[in-house]
Structure formats: C-alpha cells, structure tokens
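Colleague: A predicted structure for the sequence below; I have some questions about it.
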Amino acid sequence: MILYWLLVIAGATDPDYFSIEFDGAPDVDADITTVDVENPTGKSVQSDGNGDSPVIEILRFFHFDELPLMLILTLVFFTMWLLSINVSWYLGIESPLMGILLYIPYFIGSLFVVKIFSKPLIYLYKFLNHKGEEPIDFLGRRCRVVNDIDAGSMGTVELVVKGDPMKIYAKSNNGEPLTAGSEALIVNESVDKKYYLVEKFEY
C-alpha cells in the first residue's frame, strides 16, 4: 500500500484507476421527475428495475461506489493491522494458525469501522469533485451510447468535454431503447445525481 500511494504522489497512477465499475447493474425502482424538451411542464417516469444484486448492495453499503477502491482497502488493511496487534497482545495469542484464522473477523470488523470513519472522506471527496475540477454541466450535450440502454437497465454514454473523453452512467428518459453506437442527447439528471437521462438524438 505504501508503494501504491508513493506512485500516486509521484503521479505515476490514478487513485480512480482501480475503482469498481457498476456498469450494467440493474437499478433500484425510482420515481423520477424529468423535463420533456417539448413539454417544459415536466412528467413522471417510473423505472422497472429489479434491484441490485446482493454483492452490489454490499459494496455500496461500505462506500465502494463513493470512494476509490485502493483508499478503502488502505484504511481496511491499516485497521486490520491495529486490531491484530492489540488483540494478539491483550489475549496473548501466539499461535500462527489462530492468527491467520482471526484475519476473517478482523477484515469484517474493519469494514464496519472504515464505513463509520470514512464519512468525512466522502464529503471531502465530493467537495473536490474527485480531482478538484469545477463541476461540468452535462445537460443538453450530445453523446454516443457505449452499450445498449432500455427502460429497465442502466448503460454508459460517452462524450467529449473540452477535448477530454468522458463516460457517464445513463438511462433512457422516455423508455425508448438506445443501441450501442447511436447518438443521444442528455436531457436530465437523476434525483440522486448518480446517472443521467438521455433521449435519442434526432438529426
């Protein structure tokens, strides 16, 4: 972990490089108020998602979707080390086998400890906008659909902002399927600000 963070400080790697992607995961049901391009009064769209898998829910519970993977693992391993040192000392554990078996409860306990104490880091990370950049207004921009999007699933779209290619999560605004490679228009953002709503771009 020390070697990894030295590489980050030196600029040789990106903290987000190992982050977990949630592409293609089914979405939780949501009632989203959207703005229609031709009807500015707005309308309501109901999502028919079947809910995320248990693994995805667990990862989100421990903030793997809000902080870089390597940052969370660093905190978890450091907490495991502290638990191991203190528990072994106070309980007088000298058996290597017992020490190895205790890694499992150490790991589980560390996840909950990190979940609690990582809250301030989440707010700081969001404040810095991941890289300290100014927020980007994606609404009204054209994009290219990376993978198929329909009414019940989330996909990814790609666009170029100031010369930099970017990928963001997206769902169909009106339920119309969008095929990979087609052009789309970003018309709104979800209530939880985790993905955008897109529509087929009419030339």
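Modeller: Structure's in. What do you need?
Colleague: from here on, contacts and neighbour counts on C-alpha atoms
Modeller: OK.
Colleague: Remind me what the biggest strand by length in the chain packs against, helices and strands.
Modeller: When the chain is parsed with DSSP state E, its longest strand is strand 164-172. Using 3 or more C-alpha pairs under 8 Å, 6 or more residues apart in numbering; DSSP states H and E as the contact definition, the elements that strand 164-172 packs against are strand 155-161, strand 196-200.
Colleague: Outline the domain layout of the chain.
Modeller: 2-20+65-127, 31-54+136-200 (automatic domain parsing).
Colleague: chain center to stretch 149-159: distance?
Modeller: 15 Å (C-alpha atoms, centre = their mean, to the nearest Å).
Colleague: same question, stretch 94-112
Modeller: Here the centre of stretch 94-112 is set off from its chain's centre by 28 Å, with C-alpha atoms, centre = their mean.
Colleague: what stretches of this protein score poorly on pLDDT?
Modeller: Applying pLDDT under 70 to the chain picks out residues 12-52, 128-135, 151, 203.
Colleague: Report the secondary structure state of residue 106.
Modeller: Reducing the assignment to helix, strand or coil with DSSP: H, G, I helix; E, B strand; the rest coil, the entry for residue 106 is helix.
Colleague: Would you state the helices of the protein in chain order?
Modeller: Counting by DSSP state H, residue ranges of the helices within the chain are 2-9, 54-61, 69-91, 96-101, 103-117, 119-127.
Colleague: With distance to residue 178 and mean neighbour count as new columns, can those helices be given to me in a markdown table?
Modeller: What follows is the helices of the chain, written out as a markdown table (distance: least, C-alpha to C-alpha, whole Å; neighbours: other C-alpha atoms under 10 Å):
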| stretch | distance to residue 178 | mean neighbour count |
| --- | --- | --- |
| helix 2-9 | 38 | 12 |
| helix 54-61 | 24 | 12 |
| helix 69-91 | 31 | 16 |
| helix 96-101 | 50 | 11 |
| helix 103-117 | 37 | 16 |
| helix 119-127 | 30 | 13 |
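Colleague: closest one to residue 142 among these?
Modeller: Nearest of the helices of the chain to residue 142, taken as C-alpha to C-alpha: helix 119-127 at 25.1 Å.
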